[in-house]
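Build me a model:
(one chain, ligands or ions: 2)
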Amino acid sequence: MNPAHPYDALLLVSYGGPNGPEDVLPFMRNATRGKGIPDERLLEVSGHYARFGGVSPINACNERLIEALRAELAARGAELPVVLGNRNWHPFISEALAELVASGAKRILMLPTSAYASYSGCRQYREDVAAALAGLGEDADGVTVDKTRTFYDSPGFLQAQVDRIATAYRRLEEQGRKAEETRLLLVTHSIPVAMQEGSGDPERPGSDYIAQHLALAEVLVPRVEDALGVERGIIRAELAYCSRSGPPQARWLEPDVNDRLAELKDEGVASVCCAPIGFVSDHMEVVYDLDTEAAETAEGLGIDYVRAGTAGTHPALIASLVDLVCERAARARGEDPERPCALESGPWHEECGPHSCRMIAGLDTGIPVVAGPAAPKNGEPPPRHPHRAREAQR
Ligand SMILES: CC1=C(CCC(=O)O)c2cc3nc(cc4[nH]c(cc5[nH]c(cc1n2)c(C)c5CCC(=O)O)c(CCC(=O)O)c4C)C(CCC(=O)O)=C3C
Ligand SMILES: [Fe+2]
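Ligands and ions are numbered 1, 2, ... in the order given. Okay, the predicted model is just below:
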């Protein structure tokens, strides 16, 4: 039996990035269009890409991810093509869908490369796909697109983080830095506070973006301690954010990783492990914001700094992602499959609710989506998640 039945294709949806210097400006225009991002920030981030020859690492990362997914799907007897569609650069989601539809695909499953559920990592992809289908007109008649369950809570994502962080701690130990003196900064992408308050499912308390990270951290840190063979409770960990964008007057999640490094220095911390748990692979945020900028900040402060690897194509992650594909397929067949989850919060919901992962808390835009019901524009206002700044320290 084909465990991916009834799906005809798996569409990996991702952010996209430039493949050369001439792509940088048009990519940045796509990424910032309608987002109120000042030109200054656009130029600054363009400069980050320029330092890497105008080539984003994300495209090669996604190619490796697709290869690994194809191999694991084939090993399980799942017969379906895997294609990439990006929000902001070629191959665009619209291009990938046009190709799939032309080849006769009717039931498509999408898998976002974002581990956590917020507007940027969840609903916006559902809107992108709906817009792309609309753009195909009659050709897309009878085509449906479903979505896999969010994967930050999967056993494989957790396992990958544990392995990468334990490896980083061992590197610091070789430099004479003990686990108990090394602060663990769990770094994720900052988002606007209004996006945080609208993230996850507002009908489900504790499902917001910050809470998702905290739920992972709660299970992750003891597992790292076990992996290192140190006493439980000695690793101090906290959330920090990178890649703040938007106009200066907008509120975004804090503390920024660089600001936090300076504070830690004042607190007498001399050794830090940065673990980019918010990024599935070595995106520009990782190779620039952490490996370049935060590493320089740490050096200037005289802090020993190690960056843990990203999950990338860790076999445990690949296994969990394919589990999620097969789980969604089983549900589409009307079965009631197991729903593996590594966290105490329990597995993420199957289908997004009408108000889930809004761009701005309290605002239903009425923009069409796939893979779940759309709330009408300015429907009734469901509750907001709190913005629990800096609660993440332990
Ligand atoms: C939560 C989140 C993830 C993590 C989840 C996931 O992994 O998907 C993520 C990933 C990514 N973000 C990326 C790049 C950019 N993000 C930007 C801007 C923004 N990101 C936001 C959020 C997120 N972004 C937000 C709220 C904005 C403001 C504008 C808007 O609301 O959209 C901008 C504009 C310039 C700037 O202001 O920085 C760029 C260029 C790349 C590609 C990197 C590469 O090339 O390797 C990746 C993977
Ligand atoms: Fe981003």
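
Pretty sure residue 362 sits against residue 385.
No: using CB atoms under 8 Å, residue 362 is not in contact with residue 385, being 11.0 Å away. Yep, even glycine has a C-beta here, placed from its N, CA and C like the rest.

Now do the same for residue 84: helix, strand or coil?
Look at residue 84: counting by DSSP: H, G, I helix; E, B strand; the rest coil, its state is strand.

That one and residue 25, how far apart?
Using CB to CB, to the nearest Å, residue 84 is found at 22 Å from residue 25.

Show me which of the two is the more surrounded one.
The neighbour count for residue 84 versus residue 25, taken as other CB atoms under 10 Å, is higher for residue 84 (22 against 15).

avg pLDDT for whichever strand in the chain runs longest?
Counting by DSSP state E, the longest strand found in the chain is strand 182-189. Per-residue pLDDT over strand 182-189 has a mean of 98.

And stretch 358-376, by the same measure?
In this model, stretch 358-376 carries a mean pLDDT of 93.

and what of stretch 203-216?
94.

so how far does it reach from one end to the other?
Counting by CA to CA, to the nearest Å, you get 20 Å between the two ends of stretch 203-216.

quick one: contacts of it?
Applying CB atoms under 8 Å, 6 or more residues apart in numbering, the set of residues contacting stretch 203-216 from outside is 116-118, 150, 152-153, 157-158, 161, 186, 188, 191, 195-197, 199-201, 239, 253, 277-278, 343-345, 348-349, 353, 355, 382-383, 385-388, 391-392.

6 Å instead?
116, 118, 152, 188, 196, 199-201, 239, 343, 345, 353, 385, 392 (CB atoms under 6 Å, 6 or more residues apart in numbering).

buried residues in that stretch?
For stretch 203-216, a neighbour-count test (16 or more other CB atoms under 10 Å) marks 207-216 as buried.

Let's have those in a markdown table, adding secondary structure and distance to ligand 1.
Listed next are the buried residues of stretch 203-216 as a markdown table, based on DSSP: H, G, I helix; E, B strand; the rest coil; distance: CB to the nearest ligand atom, whole Å:
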| residue | secondary structure | distance to ligand 1 |
| --- | --- | --- |
| 207 | coil | 15 |
| 208 | coil | 13 |
| 209 | helix | 8 |
| 210 | helix | 12 |
| 211 | helix | 15 |
| 212 | helix | 11 |
| 213 | helix | 11 |
| 214 | helix | 16 |
| 215 | helix | 17 |
| 216 | helix | 14 |
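
Between those, which sits nearest residue 42?
Using CB to CB, residue 209 is the member of these that lies nearest residue 42, at 24.2 Å.

quick one: contacts for residue 268?
So residue 268 contacts nothing (CB under 6 Å, 6+ apart).

Residue of the stretch 151-300 of the chain closest to ligand 1, please.
residue 245 (2.8 Å; CB to the nearest ligand atom).

Shouldn't that residue be within a helix?
No: per three-state DSSP, residue 245 lies outside any helix segment and is coil.

Report the distance from stretch 169-187 to the chain centre.
Averaging C-alpha positions (CA atoms, centre = their mean, to the nearest Å) puts stretch 169-187 25 Å from its chain's average.

And for stretch 1-14?
20 Å.

coming back round to it: please narrow the contacts of stretch 203-216 to those residing in helices.
The helices, defined by DSSP state H, take in residue 196 from the contacts of stretch 203-216.

and the contacts of stretch 203-216 as TSV, adding neighbour count and distance to ligand 1?
Output for those, formatted as TSV (neighbours: other CB atoms under 10 Å; distance: CB to the nearest ligand atom, whole Å):
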residue	neighbour count	distance to ligand 1
116	29	7
118	27	5
152	24	10
188	27	7
196	26	10
199	30	9
200	29	13
201	20	17
239	23	13
343	21	18
345	18	19
353	17	19
385	21	15
392	17	16
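
Ligand 1 contacts on the stretch 151-300 of the chain?
Selection of the stretch 151-300 of the chain residues close to ligand 1 by CB under 6 Å from any ligand atom yields 189, 191, 195, 243, 245-246, 278-279, 283-285.

Mind putting those into CSV with distance to residue 74 and neighbour count?
What follows is those, written out as CSV (distance: CB to CB, whole Å; neighbours: other CB atoms under 10 Å):
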residue, distance to residue 74, neighbour count
189, 32, 23
191, 36, 27
195, 37, 23
243, 35, 24
245, 39, 20
246, 42, 18
278, 30, 28
279, 27, 25
283, 27, 25
284, 31, 22
285, 31, 23
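
quick one: which two of those are the most distant?
Greatest spatial distance among these (CB to CB): 195 and 284, at 20.0 Å.

now the protein, which segments are flagged as low pLDDT?
Applying pLDDT under 70 to the chain flags residues 379-383, 386-394.

and if we set it to 50?
The chain contains residues with pLDDT under 50 at 391-394.

Please state the backbone phi and psi of the residue nearest the centre of it?
The residue lying closest to the centre of the chain (CA atoms, centre = their mean) is residue 114, at 2.7 Å. Main-chain torsions, residue 114, degrees, to the nearest 10: phi -80, psi 130.

What residue, apart from its backbone neighbours, is nearest it spatially?
Distances taken as CB to CB, 6 or more residues apart in numbering put residue 121 closest to residue 114, at 2.8 Å, once the chain neighbours are dropped.

Wait, the one you found touches residue 111, no?
No: if you go by CB atoms under 6 Å, residue 121 and residue 111 don't touch, sitting 11.9 Å apart.

related to what we said a few turns ago, mind listing what the longest strand of the chain pairs with, with the direction of each?
Paired neighbours of strand 182-189 in the sheet (DSSP bridges): strand 237-242 (parallel), strand 271-275 (parallel).

Tell me which of the ones you listed is the most buried.
Mean neighbour counts were taken over the strands paired with strand 182-189 using mean count of other CB atoms under 10 Å, and the top value, a mean of 25, falls to strand 271-275.

Now the element after it, going C-ward?
Next helix or strand after strand 271-275 toward the C-terminus (DSSP states H and E): helix 284.

Tell me which helix or strand comes right after that following helix.
Using DSSP H and E, the helix or strand that follows helix 284 towards the C-terminus is helix 295-301.

helices or strands up against whatever helix or strand comes next after that next one?
Downstream of helix 295-301, the next assigned helix or strand under DSSP H and E is strand 304-307. Applying 3 or more CB pairs under 6 Å, 6 or more residues apart in numbering; DSSP states H and E, we find strand 304-307 packed against helix 155-174, strand 271-275.

Done for today, thanks.
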